[in-house]
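Chemist: Only the shape, not the letters, is given here:
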């Protein structure tokens, strides 16, 4: 089967549900109705075979602007939608968790073999970020107990792994490495280590890091999703890595040409564009900003090739997006700062963010470094090493990514 034929099969399978969602959303969600009107389209036209591609891609920056103009949801929630939680991502972008919503992470955990007999240590953030709640919901959906670890307190988390018999992990791959090291450094008994399965996401998993992790955790699989859309794809269990990511059920995923939004029907690289199948929150043709391409798995199934990069200037650091616009909003006008640059590096499979600051001579260097560090922590939610320097050098831009993912 060709990629084009596999895409057609998936499109046909999703078509009835997609048509139902879009028709209902057009009549009950003002923001979606306005998107159709702006594009000169009707819901019926979008619901026809191939019609979805006529609706322009909704970029993340566009969604932020819509929310700013029509807070807090940009008109994209139905008036009777029941919001259980609100989350905030950099932008700021507000993400609703609706009553009854399924972020689908349980699909990947079930495929990995996680179930009712497991105890899952969830090491994604619970503060403002949706990731912690998303992965917890996924673990609970397969019947597993959850240790709400979050980020930090690695010594306590290592002790909990031994005391509670933790058998599965969700979080960053680099954080799992740090937990293995914390467990060993604490002198905890090797026989109490029961961790067998890990579903990791939000940053790359290079072969070198995977090899380190699988020395202690036999089954490590990469998944892909976003805070706005939930799980989109994952590495299937029972196969060697490198065969692509299988697509989650219950969500429409396209790979589209950058700039035009035209769906790609071969292996060409493009932007991942997602449509949620919910009429009360019709996030339709949402541009994730992530790059990928199609491939076929060994069984002939349609798969994503993984996350191959980003559209535009945003980068992911420690699992969170960082955009030059956000940096400028926080740093411009900081007293004592004449110029600045952020450096992103990768040391021992761990992201490191540092800030180089050129002083203007009005604030003592030590005071300036502390003030900038606090400003970055409060405004960007990153802890960073601030270095006061005389000049920045020749590189362009406020963000310089020097990471090597080999």
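Modeler: Sure thing, it's come through. Given the structure is predicted, the values throughout are model-derived calculations rather than measurements. Numbering: from 1, shown residues only.
Chemist: Mind checking what helix or strand follows the one helix or strand residue 161 maps to in sequence?
Modeler: Here residue 161 is covered by helix 154-164, with elements defined by DSSP states H and E. Once the chain leaves helix 154-164, the next helix or strand it forms, by DSSP H and E, is strand 168-171.
Chemist: what helices or strands is that following strand leaning on?
Modeler: Where contact means 3 or more CB pairs under 8 Å, 6 or more residues apart in numbering; DSSP states H and E, strand 168-171 is packed against helix 105-112, strand 119-122, helix 131-141, strand 197-200. In short, each C-beta sits where N, CA and C put it, glycine included.
Chemist: what sits up against that strand?
Modeler: 105, 109, 112, 114, 118-124, 135, 138-139, 144, 149, 176, 179, 195-201, 217 (CB atoms under 8 Å, 6 or more residues apart in numbering).
Chemist: buried ones in the helix holding residue 161?
Modeler: Judged by neighbour count (16 or more other CB atoms under 10 Å), helix 154-164 contains these buried residues: 154, 157, 158, 160, 161, 162.
Chemist: which of those residues lies closest to residue 206?
Modeler: Residue 206 lies nearest to residue 154 out of these, by CB to CB, at 21.7 Å.
Chemist: related to what we said a few turns ago, okay, the helices and strands packed on strand 168-171 in CSV with distance to residue 208 and mean neighbour count next?
Modeler: CSV is the format used below for these (distance: least, CB to CB, whole Å; neighbours: other CB atoms under 10 Å):
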stretch, distance to residue 208, mean neighbour count
helix 105-112, 22, 23
strand 119-122, 23, 24
helix 131-141, 24, 23
strand 197-200, 14, 25
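Chemist: Output these as CSV; include the columns distance to residue 27 and mean pLDDT.
Modeler: Converted to CSV, these look like this (distance: least, CB to CB, whole Å; pLDDT from 0 to 100):
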stretch, distance to residue 27, mean pLDDT
helix 105-112, 30, 98
strand 119-122, 38, 98
helix 131-141, 29, 97
strand 197-200, 38, 98
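Chemist: Please tabulate those in JSON lines, including the columns distance to residue 12.
Modeler: Shown next, in JSON lines, are those (distance: least, CB to CB, whole Å):
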{"stretch": "helix 105-112", "distance to residue 12": "21"}
{"stretch": "strand 119-122", "distance to residue 12": "36"}
{"stretch": "helix 131-141", "distance to residue 12": "27"}
{"stretch": "strand 197-200", "distance to residue 12": "30"}
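Chemist: Okay, domains of the protein per the record?
Modeler: 1-91+249-309, 105-245, 315-401 (automatic domain parsing).
Chemist: mind listing what the residue lying closest to residue 360 once chain neighbours are set aside touches?
Modeler: Excluding the flanking residues, the one nearest residue 360 by CB to CB, 6 or more residues apart in numbering is residue 338, at 4.0 Å. By CB under 8 Å, 6+ apart, the contact list for residue 338 reads 358, 359, 360.
Chemist: Spell out the secondary structure type for residue 338.
Modeler: strand (DSSP: H, G, I helix; E, B strand; the rest coil).
Chemist: how far away is it from residue 375?
Modeler: 15 Å (CB to CB, to the nearest Å).
Chemist: Ok, residue 223 next?
Modeler: Distance, residue 223 to residue 375, using CB to CB: 34 Å.
Chemist: again with residue 311
Modeler: Going from residue 311 to residue 375 by CB to CB gives 28 Å.
Chemist: In JSON lines: the domains of the chain, plus distance to residue 99.
Modeler: Output for these, formatted as JSON lines (distance: least, CB to CB, whole Å):
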{"stretch": "domain 1-91+249-309", "distance to residue 99": "4"}
{"stretch": "domain 105-245", "distance to residue 99": "12"}
{"stretch": "domain 315-401", "distance to residue 99": "27"}
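Chemist: out of these, nearest to residue 98?
Modeler: Residue 98 lies closest, by CB to CB, to one member of the domains of the chain: domain 1-91+249-309, at 5.8 Å.
Chemist: Can you give me the first-to-last residue distance of that closest one?
Modeler: 27 Å (CA to CA, to the nearest Å).
Chemist: Make sure residue 20 is indeed in a helix.
Modeler: Yes - under three-state DSSP, residue 20 falls within a helix.
Chemist: Residue numbering should commence at 576 henceforth.
Modeler: Will do, 576 is the new start, and the previous item becomes residue 595.
Chemist: who touches stretch 929-942?
Modeler: 910-918, 920, 943-944, 946-948, 951, 959-967.
Chemist: Show me those residues that map onto helices.
Modeler: Taking DSSP state H, the ones among the contacts of stretch 929-942 that sit in helices are 943, 944, 946, 947, 948, 951.
Chemist: Of the residues you listed, which is the most crowded?
Modeler: residue 947 (24 neighbours; other CB atoms under 10 Å).
Chemist: Could you measure from that residue over to residue 925?
Modeler: Distance of residue 947 to residue 925, given as CB to CB: 22 Å.
Chemist: So, low pLDDT: which residues of the stretch 826-975 of the chain?
Modeler: By pLDDT under 70, the weakly predicted segments of the stretch 826-975 of the chain are 887-888, 971.
Chemist: quick one, helices of it?
Modeler: Secondary structure of the stretch 826-975 of the chain, counting by DSSP state H, counting those that start in this stretch: helices at 899-906, 940-955.
Chemist: what's around the nearest residue in space to residue 664 that is not next to it in sequence, how many residues?
Modeler: Using CB to CB, 6+ apart and skipping the chain neighbours, the partner closest in space to residue 664 is residue 802 (5.2 Å). Residue 802: 20 surrounding residues under other CB under 10 Å.
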